[in-house]
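Kindly return the folded structure for what I paste below:
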Amino acid sequence: MKCPLSFTYKKIGSLLFNNAPSDCRKEECAWWDVVLKECCILIIGRNMVGIGVHIHNIAEDMALKAQR
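Numbering: from 1, shown residues only. Predicted structure coming up:
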């Protein structure tokens, strides 16, 4: 898995470019969830998407109730 927190950099001439994320260190990383065996950043991202979906559904429901 590629780590979302750790990036490699490539220097071309005098410019420094942000390249692809580097490999995940898994158990060595402070962001590694030992129980779920997954990076906490990925877990947080999925949870935020789920929260966003629920907020969107609530907002749509509120608009429908306001029309009544």
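
Just grab the bridge partners of Glu38 for me.
Counting by DSSP bridges, Glu38 forms beta bridges with Asp33.

Per-residue pLDDT of it, please?
Glu38 carries a pLDDT score of 86 in this model.

Then the one 4 residues further on?
At Leu42, the predicted lDDT confidence score is 83.

List the buried residues for the helix or strand harbouring it?
Per DSSP states H and E: Leu42 is located in helix 40-67. Residues of helix 40-67 classed as buried by neighbour count (16 or more other Cβ atoms under 10 Å): Ile41. Quick note: C-beta positions are derived from backbone N, CA and C, even for glycine.

Give me the helices and strands touching that helix, please.
Under the contact definition 3 or more Cβ pairs under 8 Å, 6 or more residues apart in numbering; DSSP states H and E, helix 40-67 sits against strand 2-12, strand 32-33.

Now do the same for the shortest one: mean pLDDT, whole number.
Over the span of strand 32-33, the pLDDT mean works out to 90.

got a list of contacts for that strand?
Cys24, Arg25, Lys26, Glu38, Cys39, Cys40, Ile43 (Cβ atoms under 8 Å, 6 or more residues apart in numbering).

Weed out the non-buried ones from these.
Here, 16+ other Cβ under 10 Å leaves Cys24, Glu38, Cys39 buried among these.

Please report phi then psi for the closest residue to the last one other than its chain neighbours.
Closest residue in space to Cys39, ignoring its immediate chain neighbours: Trp31 at 5.5 Å, by Cβ to Cβ, 6 or more residues apart in numbering. Dihedral angles phi and psi of Trp31 (degrees, to the nearest 10) take the values phi -90, psi 0.

now do the one 4 residues further on
The main-chain torsion angles of Val35 are listed as degrees, to the nearest 10 and equal phi -70, psi -50.

low pLDDT regions in the protein?
Across the chain, the ranges flagged by pLDDT under 70 are 1-2, 4-22, 68.

Distance-wise, check the nearest residue to Leu36 once chain neighbours are set aside relative to Glu60.
Computed as Cβ to Cβ, 6+ apart, the closest residue to Leu36 that is not its neighbour in sequence is Ile43, at 6.7 Å. Distance check for Ile43 against Glu60: by Cβ to Cβ, to the nearest Å, it reads 26 Å.
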